[in-house]
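S.K.: Structure of the sequence below:
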Amino acid sequence: MSARTVLVALTVILAAPAAADTGDDYSNNLFSDIAPLLALFGEQFAKQFMSQSMSWLDNIIFAMAPLGILTAIVAAIRVGGPPWLRAVVGRARENDAIVEMELKSSTSHEVCELWNGRGIVRTMGRPEVQQIIYLEDHQKDQKTFGLHTVESAMEAELLRAATYEDPLVSRFRNPIVKSSALRWKSLSVFTKLKLFWHLRKRDSEDLENNAILMFVTRQKSTLTNGDPHSETAEQESAPNISLNLHGGSKSEELYAAALCGIVLQFGMLVFCGFSVYHPAFSQRFPKNGRPVGANAFPIMALGTILLMVGMLICSAVVEQSTVETEYLRQQEGPNARLLWLQKSDTVSDQAFDSFVLGQSSSRRDRILTSRRQDNERTTTSTDHSDTTNHKANWVETIASNRTEAFTLLGVFFGLSGFILQFQGLRSMNWSASIAQLVCIFLMTIWRAWIRRGMIANPVYTKLREHHEMDWLALRIAKDSNFWPPDDLRHLSEHLAWEILTNDNNIACVGSWEPGSFSYLDAEKAQYALNIRQRLGQLTNWDGPASRLSIAVADSIEIVLNTLFDHTNHSAFTWSLKVRIGDIDGKIRFKVDKNIGINGMWEMDATHIEAALSLWLFHIHEKDESKKEESRNDWLRKDKSLKRKIRRLLGPGGSEALHRDIKWWIGDIDDKTKSNESNNVRQSSGFAGPVGFAGVEPSNTTQADVKVDNETSGPPLTVVSNVSLESSLAQHIFSSFMWAIVNDNSAEKDDNLAKQLNKDETSIVREDLFRIDNPETLLSLGLENKVHHSCTQYLQETSNGGCCRVHTAVHARTRDARTLGEGCAGIY
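M.R.: As a prediction, this is how the structure comes out:
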């Protein structure tokens, strides 16, 4: 039997009078019982109102002509009751997360708010959802682009935190206490009442001596000792979506509703008093044809007042279990706008898709967060073996802290008040019950009006799974004033961002100069890439390209730390050709040398991850548009399956390239012939090519532009059976290798020549050579110790992501001193 059933049965037994015989008595009892009985129910409505309470005004509104009395009592027990009382209502082993999800406005690492396509729902779990703050006046910032989280905005001193001010308390509390640095919201209800009592009894001279301030400071330090809401806990907590959509209830509406509730409830008592004690009214409102008994009104009035106090306490226990913080702009400027990125996930057996959510066109002047106070339900342990503390142990068993004592008080007042009010209304004319019923009805309308913001929905659009940040980055890059007037679904179109590849793809030459990464109007591609990288830094989300991006970054570092560890340069940059929309441009990558103790080269993997993710997003969008044209082969629709992709190794007519590949890698004729086979199934989606057929001239002189006859003809290609993500990662690494071995400044630096000198190079496969057969000369191979160790490191670093790694460096001398050209391949 549930706790609610027990309480209802107990109430009816204690309040039930003798049965009447006449129909008039039956109708009178019906009207007399309907109002208090209706007040017992309204479970979901009471939970909904209490969960959004953030001030004493909310508590007063709930206590006036309450609806859902049993729900409020049980809610207070669940939130702040002692263990034995929670066991009475069947909640002895209830998880704190369940209480938070049903009764509080807060979110945490256990409770979150998600959009299911129709509304905001609260559920338990830890999905990946991130709140993004967009500051329009900082969109020109080349590092942040106006995009922040609460933590990053606080570090940049763009926002300031302030404890949510209770409108009623901030108006009436003493100015000295108001001006102090006390966190009023963090104090318990019992401490606040003690503070008001001291403020009433002490005069201004005592206040100047700071006696009360010292008392309150001591109480607050006790309550906030060991506060779990550290910076790490705040970062792990889910964002408050619904609270920021409607911004909380307005103080003017709260004052009006509270005043109306007080007038209605006490007006009902005045009416009942007149109907009993006024001679004219008492004749018009009899009970069963006789005047109302003298004890009916006192019992009813006492029960109503006790019920109001009990509901006020129960609502306050729930309301004080959370701490609300508001974040305001540090300086004057446009109000912040909020976005929420939600990744697809299954939480508590519920499936949620990927969405981007946003506020309406109206801006909010503050950002609200609500966090639970876990220390509200803790108890202090004592030594039960000490007989001198027997009495204290007995008291602590009943209520170990002020919150539990306050909860017991609220439960007692609520139950006793309802019973007395129920008995008093049954002893009075039916008009008293109707008056109470009218008050309940009117206050229910008021409460529903105040909480109308809970039905507010964000503007939203559904996104492709794993590419939420890519969509947002391309939207901002297309138009910085991207915010929609009404609906984000009108912004489903976005820029196309892809790295250019073709059969005659030419790599860009690298540079040992740091270069500039500033945003220019003509460099939309780099702008979108930097925004995507910024979003990745804010969310810390892993994507389909995260693991491969780390592998590529590690591979680049290995090459530089192995072959260029003694160079005097501090940075190396190279570029890739990109098309964004209908505009061709370039994006730049940069590797920095750590000028410290180790002096190692370091590559930012997030830069590579952003480029790979944007490129993958474009390919997936393009493949999706061709889905209807392809046959219904659901097995091959899995993006993680391997596909056959053509890779370019270099100019096909270059005899030097063929010779160097045979010497340093081996025979790849079988691989190249596989590309010409008619039996190879090409994927309906992206099939390449990736890689490069050559490198662009480093200068614009005629000597450099001149094309050698040996490089004419189709490029040398192979077909790799790898995943799409791996092939794109290979392309970026290949661009780095082509750039670094063909840079002119590298020719002037003899560091590479020293690393690959002839003393470190040996001949392999000499057992296949026959002096009587000149054709076996081609079977010989070359191996360099530095090159071999570098290749081994690359194979270990790739961890299967870059498959089998080979790096061939063709070192032929020009003027017998410098390096001439190089090539790099990964298959």
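S.K.: And the helices in the stretch 551-700 of the chain?
M.R.: Shown for the stretch 551-700 of the chain, the helices assigned by DSSP state H, counting those that start in this stretch span residues 605-625, 655-664, 669-674.
S.K.: Including mean neighbour count and mean pLDDT, could these go into CSV?
M.R.: For glycine as for every other residue, the C-beta is placed from the backbone atoms N, C-alpha and C. Below are the helices of the stretch 551-700 of the chain laid out as CSV (neighbours: other Cβ atoms under 10 Å; pLDDT from 0 to 100):
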stretch, mean neighbour count, mean pLDDT
helix 605-625, 21, 89
helix 655-664, 18, 70
helix 669-674, 13, 45
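S.K.: Reformat the ones you listed as JSON lines; add distance to D584.
M.R.: Output for the helices of the stretch 551-700 of the chain, formatted as JSON lines (distance: least, Cβ to Cβ, whole Å):
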{"stretch": "helix 605-625", "distance to D584": "14"}
{"stretch": "helix 655-664", "distance to D584": "28"}
{"stretch": "helix 669-674", "distance to D584": "30"}
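S.K.: which residues touch the helix or strand hosting I132?
M.R.: Per DSSP states H and E, I132 falls inside strand 129-134. With Cβ atoms under 8 Å, 6 or more residues apart in numbering as the test, strand 129-134 has contacts from 112-114, 146-150, 153, 159, 238-239, 241, 244, 336-343, 367, 472, 483, 535, 538-539, 541.
S.K.: again, 6 Å this time
M.R.: 146-148, 153, 239, 336-337, 339-342, 539 (Cβ atoms under 6 Å, 6 or more residues apart in numbering).
S.K.: ok, R579 to L338 distance?
M.R.: Distance, R579 to L338, using Cβ to Cβ, to the nearest Å: 32 Å.
S.K.: higher neighbour count, those two?
M.R.: L338 (19 against 16; other Cβ atoms under 10 Å).
S.K.: list the buried ones in the longest helix seen in the chain?
M.R.: Identified as the longest helix of the chain according to DSSP state H is helix 251-277. Buried residues in helix 251-277, counted by 16 or more other Cβ atoms under 10 Å: 251, 254-258, 260-261, 264-266, 268-269, 271-273, 275-276.
S.K.: For it, name the packing helices and strands.
M.R.: Under the contact definition 3 or more Cβ pairs under 6 Å, 6 or more residues apart in numbering; DSSP states H and E, helix 251-277 sits against helix 56-63, helix 296-319, helix 430-450.
S.K.: R78: which of those is closest?
M.R.: Closest approach to R78 among the helices and strands packed on helix 251-277 (Cβ to Cβ): helix 296-319, 8.7 Å.
S.K.: Can you name every helix or strand that the closest one contacts?
M.R.: Using 3+ Cβ pairs under 6 Å, 6+ apart: helix 296-319 touches helix 56-63, helix 69-80, helix 251-277, helix 402-426.
S.K.: ok, then the element right after that helix?
M.R.: Sequence order places strand 322-329 as the next helix or strand after helix 296-319, per DSSP H and E.
S.K.: same question for that next one, mean pLDDT?
M.R.: For strand 322-329, the mean pLDDT works out to 88.
S.K.: What of stretch 142-162?
M.R.: In this model, stretch 142-162 has an average pLDDT of 89.
S.K.: Going by neighbour count, which residues in that stretch are buried?
M.R.: Within stretch 142-162, the residues that count as buried by 16+ other Cβ under 10 Å are 144-150, 152-154, 158-159.
S.K.: I'd like to check what contacts it. Which residues are they?
M.R.: Here stretch 142-162 has contacts from 132-135, 138-139, 325-328, 330, 518-519, 531, 534, 538, using Cβ under 6 Å, 6+ apart.
S.K.: top of those residues by neighbour count?
M.R.: That'd be I531 among the contacts of stretch 142-162, by other Cβ under 10 Å, with 27 neighbours.
S.K.: Quick one: residues contacting that residue.
M.R.: I531 is in contact with 145, 473, 476-477, counting by Cβ under 6 Å, 6+ apart.
S.K.: now swap in G261 and tell me
M.R.: G261 neighbours (Cβ under 6 Å, 6+ apart): 61, 64, 443.
S.K.: so what's the second one closest to, chain neighbours aside?
M.R.: I take that to be M64. Excluding its sequence neighbours, the residue lying closest to M64 (Cβ to Cβ, 6 or more residues apart in numbering) is G261, at 3.0 Å.
S.K.: one step back: for the contacts of stretch 142-162, which one is nearest R659?
M.R.: Among those, S518 lies closest to R659 (Cβ to Cβ), at 43.8 Å.
S.K.: how about E404, what does it touch?
M.R.: When contacts are counted by Cβ under 6 Å, 6+ apart, E404 touches P82.
S.K.: brain fart, R452
M.R.: Here R452 is in contact with no residue (Cβ under 6 Å, 6+ apart).
S.K.: can you do 10 Å?
M.R.: By Cβ atoms under 10 Å, 6 or more residues apart in numbering, R452 lies in contact with 246, 249, 253.
S.K.: Which of the residues you listed sits closest to A693?
M.R.: Scanning those for proximity to A693, where the rule is Cβ to Cβ, the winner is H246, at 58.5 Å.
S.K.: of all the helices and strands packed on helix 251-277, which lies closest to S400?
M.R.: The closest of these to S400 is helix 296-319. By Cβ to Cβ, the value is 14.9 Å.
S.K.: Can you check what angle separates that closest one from helix 430-450?
M.R.: Angle, helix 296-319 to helix 430-450, by axes from the mean of the first three to the mean of the last three Cα atoms, to 10 degrees: 20 degrees.
S.K.: in helix 296-319, what's buried?
M.R.: For helix 296-319, by 16+ other Cβ under 10 Å, it's 296-297, 299-301, 303-319.
S.K.: pLDDT weak spots in the stretch 1-150 of the chain?
M.R.: Residues of the stretch 1-150 of the chain meeting the criterion pLDDT under 70: 1-37, 39.
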